[in-house]
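1. task: produce atomic coordinates for the following.
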Amino acid sequence: MTTATETPTEAPKTIYLKDYERPAYAFERVNLDFELGEATTTVTSTVRVRPANDANGKSLFLNGDESVELAAIEVDGAKFTTYERTGKGITLRALPTEAFDLRVTTTIKPQENTALEGLYKSSGNFCTQCEAEGFRRITFYQDRPDVMSIFTTRITADKTKYPVLLGNGNLVDSGDLEGGKHFTVWEDPWAKPCYLFALVAGDLGMVEDKFKTMTGKEVTLRIFTETHNLDKCAHAMTSLIKSMKWDEDTYGLEYDLELFNIVAVDDFNMGAMENKSLNIFNSRLVLATPQSATDADYAAIEGVVAHEYFHNYTGNRVTCRDWFQLSLKEGLTVYRDQEFSADMNSRGVKRIGDVSRLRMAQFAQDAGPMAHPIRPESYIKMDNFYTVTVYEKGAEVVRMYETLLGKDGFRKGMDLYFERHDGQAVTTEDFFAAMCDANGADLSTFKPWYSQAGTPRVTANGSYDAAAKTFTLECSQVVPKTPGQDSKVPVLCPIAVGLVGPDGADMNLTIDGKSHGTTAVLRFDQASATYTFTGVDAKPVPSILRNFSAPVRLTTNLTQDDLLFLMANDSDAFNRWEAGQTLLRNLCLDLIKGGEQSFKMNDAITAAMRTILSGAKAADADKSFIARAMMVPSEGELSDMLEEGTVDPAAVHAARDFVMKTLATELRAELEATAQANSAAVYSNEPADRAARS
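-> Numbers count the residues shown, from 1 in each chain. Just a heads-up that it's a prediction; the model follows:
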């Protein structure tokens with residue numbers, strides 16, 4: 001037998017998806033005991049360990065940061081010394097072949113933890129952040145998402161300094177102790193990986209509300225923050241209640257504990273974190289009053305509170321097998337929070353905003369040296385893959401399932417996903433299989449979305465044959481080379497298409513004798529393909545890629561007159577906005593290239609803007625959409641459209657400024673009338689009032 005030894009710190013190494021191996025030891029139950037102190041904190045972890053059938057005496061590696069001081073290791077109550085320690089953790093050898101209890105006692109110094117990962121102390125409060133690999137800064141443990149355990153946590157601290165002691169799950173015990181201390185015990189009956197562990201201890205105030213679930217269970221909802229900020233929590237609480245109701249109505253997902261806590265702290269470094277039943281937020285994403293927050297702040301709080309709550313099922317109850325699968329929980333949950341916000345506010349404007357951010361940030365990442373697929377093949381430090389590609393493009397990939405399968409089909413896929421995998425750590429392949437199996441669908445050409453980087457470039461050119469009464473759409477796609485991926489294959493792109501007739505109404509669509517209503521979703525998965533619509537009695541204008549049905553760069557043969565027509569008539573809010581933005585973008589680019597001496601406004605665009613603005617008078621008008629449609633593309637967006645090396649910031653500014661000032665001058669009467677009609681004497685945060693202010 002060997003005895004406890006230490007080896008030098010290991011150099012960082014690359015982790016590969018292909019090297020995944022399931023853990024040889026299951027951690028069934030974990031009891032954590034925290035003695036929070038001013039100089040040091042003692043952590044005792046007692047784990048019920050069960051070797052896998054094929055463990056065969058394998059060693060057990062426990063991750064642990066160099067800052068964690070090991071005090072003792074016990075196996076079944078006896079001191080254990082057959083281990084080796086490195087800078088990455090400890091390796092235990094010669095372990096029992098049957099289930100055993102493993103107790104590890106450590107000491108840490110949260111007040112010196114400037115990484116703000118694991119357990120740290122800030123502004124007098126103890127707080128945790130364990131995703132992705134922070135738990136190893138608390139104790140020695142299998143710090144990987146596929147090790148799911150049932151946690152019980154006991155927290156002991158000075159009662160005067162830390163009157164609030166919070167953990168995951170339900171509060172099952174609490175009381176006072178000698179020496180001015182007190183304790184709480186928290187039990188979470190749902191197995192989870194350690195990255196979802198959380199602890200908060202401090203002097204915090206609290207607001208409380210109740211929520212009755214779909215089966216009549218009452219859940220206590222609490223938000224903790226500094227006492228002087230308690231009056232700023234109402235909107236976050238309302239957002240939480242709306243989220244819980246929406247998840248029940250949309251997916252049949254009912255909250256699964258007696259208590260749900262949110263903590264808002266100024267120094268939280270991750271923005272927000274979905275720890276089971278104990279969500280921790282940076283204060284800016286919780287606290288709001290009309291005096292301190294803008295309409296955009298209110299919308300952001302509503303969306304982020306929903307996002308973290310939705311993780312309770314998509315991320316917590318069903319989690320990731322490994323960190324390569326991060327988009328499994330984040331892409332899916334971003335999609336869910338986008339849909340929630342769309343239902344709470346203007347669906348069209350929400351989609352426009354999401355796509356605008358995708359184009360500005362994610363398309364740029366896909367086109368640069370850091371391009372990577374939503375499921376990477378390797379990493380050195382996982383924190384580097386919390387990116388717009390994994391989150392935002394990942395959400396677009398999820399959205400395409402719904403576009404291809406329909407709302408009912410997507411719900412069937414989600415139901416099967418939860419039925420198969422509740423309480424498991426799974427992969428994107430499992431989600432893909434659930435969607436396909438629930439609908440009897442062959443989506444094999446969809447898979448490259450997970451493994452290929454880069455934004456597909458799609459060309460769609462339409463032509464009308466009056467004699468045959470057909471409209472033909474010729475499509476082609478190219479996925480550009482990206483670092484490490486020179487060879488690409490076509491991907492399944494759902495291209496949502498409508499045909500708008502001369503009267504401005506959507507035509508009924510027929511392809512190959514099959515009716516598609518007024519919007520057809522073309523399954524475009526080849527390098528090129530042709531789609532023919534029959535029974536088209538008059539020349540239409542095609543509305544292509546409705547609702548931005550696939551995250552691609554689209555080129556069409558639409559003329560200026562076509563775009564003006566779509567801007568005035570398209571029933572699809574996104575494409576109506578897109579037509580206007582394309583017109584304004586082309587106008588600005590022409591002005592930039594022509595120089596100030598040739599500046600001249602396009603009167604047809606001004607007239608189209610006047611028509612949109614006049615719509616604000618209608619009682620059922622989407623005023624937030626009208627405000628968005630009136631916006632001129634940003635200087636950054638215009639610069640991005642110019643050839644590299646030809647960008648003249650002064651020329652870009654001058655052209656955009658000319659367009660904005662000309663529109664303001666020409667439409668002054670309409671703008672003033674609209675502003676007057678939408679003024680309100682009393683502030684309200686209702687969606688309609690926010691839209692009027694926009």
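2. can you pull out the low-pLDDT segments for the stretch 401-550 of the chain?
-> For the stretch 401-550 of the chain, applying pLDDT under 70 flags no range at all.
3. just the stretch 1-150 of the chain next, same as before
-> 1-11.
4. how about the strands in it?
-> In order along the chain, the stretch 1-150 of the chain carries the following strands (DSSP state E, counting those that start in this stretch): 5-6, 15-16, 25-35, 41-51, 60-63, 69-75, 78-79, 83-86, 89-92, 100-108, 118-122, 125-129, 149-158.
5. packing partners of the fourth one?
-> Spelled out, that is strand 41-51. For strand 41-51, the helices and strands in contact under the criterion 3 or more C-beta pairs under 8 Å, 6 or more residues apart in numbering; DSSP states H and E are strand 25-35, strand 100-108. (C-beta placed from N, C-alpha, C; glycine too.)
6. go through the last one and flag the buried ones.
-> Along strand 100-108, these residues count as buried under the neighbour rule (16 or more other C-beta atoms under 10 Å): 100, 102-108.
7. in its sheet, what does that strand sit against?
-> Taking DSSP bridges as the criterion, strand 100-108 pairs within the sheet with strand 41-51 (antiparallel), strand 69-75 (antiparallel).
8. what about Ala568, helix or strand, and which?
-> With secondary structure defined by DSSP states H and E, Ala568 is part of helix 560-569.
9. show me how this protein divides into domains.
-> In the assignment given by automatic domain parsing, the structural domains of the chain cover 319-448, 456-557, 560-694.
10. burial-wise, tell me which of those domains comes out on top.
-> Mean neighbour counts were compared across these using mean count of other C-beta atoms under 10 Å; the top stretch is domain 319-448, at a mean of 19.
11. start to end distance for that domain?
-> Using C-alpha to C-alpha, to the nearest Å, the gap from the first to the last residue of domain 319-448 comes to 22 Å.
12. excluding chain neighbours, what is closest to Val500?
-> Once its chain neighbours are removed from consideration, Val500 has its nearest residue in Val541; the separation is 4.9 Å (C-beta to C-beta, 6 or more residues apart in numbering).
13. ok, the one you found - contacts?
-> The contact partners of Val541, taken as C-beta atoms under 8 Å, 6 or more residues apart in numbering, are 499-500, 558, 562, 565-566.
14. mind doing that once more with 6 Å?
-> The contact partners of Val541, taken as C-beta atoms under 6 Å, 6 or more residues apart in numbering, are 500, 562, 565-566.
15. now swap in Arg137 and tell me
-> Contacts of Arg137 were listed using C-beta under 6 Å, 6+ apart, and they are 65, 117-118.
16. now do the strands in the stretch 551-694 of the chain.
-> Listed in chain order (using DSSP E, counting those that start in this stretch), the strands of the stretch 551-694 of the chain are 553-556.
17. go on, the stretch 251-400 of the chain?
-> Counting by DSSP E, counting those that start in this stretch, the stretch 251-400 of the chain has these strands, from start to end: 259-265, 272-273, 278-282, 319-320, 378-379.
18. which SSE is immediately downstream of the last one?
-> Which is strand 378-379. Beyond strand 378-379 in the direction of the C-terminus, DSSP H and E gives the next helix or strand as helix 388.
19. average pLDDT for that next one, rounded please.
-> Helix 388 comes out with an average pLDDT of 98.
20. who's in contact with that helix?
-> If you take C-beta under 6 Å, 6+ apart as the criterion, helix 388 is touched by 361-362, 365.
21. give me the distance between that helix and the centre of its chain.
-> Relative to its parent chain, helix 388 has a centroid offset of 9 Å by C-alpha atoms, centre = their mean, to the nearest Å.
22. who's in contact with Thr555?
-> Applying C-beta under 6 Å, 6+ apart, one finds that Thr555 lies in contact with Thr459.
23. who's it bridged to?
-> Each beta-bridge partner of Thr555 is listed here, defined by DSSP bridges: Thr459.
24. now do it, the pLDDT please.
-> Note on Thr555: pLDDT of 98.
25. any idea how far it is from Leu545?
-> Summarising the geometry, the distance separating Thr555 from Leu545, computed by C-beta to C-beta, to the nearest Å, is 11 Å.
26. what do you get for Asn31?
-> Taking C-beta to C-beta as the measure, Asn31 falls 54 Å from Leu545.
27. now swap in Lys212 and tell me
-> From Lys212 across to Leu545, the span is 42 Å (C-beta to C-beta).
28. and if you look at Glu429?
-> Computed with C-beta to C-beta, the distance linking Glu429 and Leu545 is 28 Å.
29. since that was my last question, I'll sign off now.
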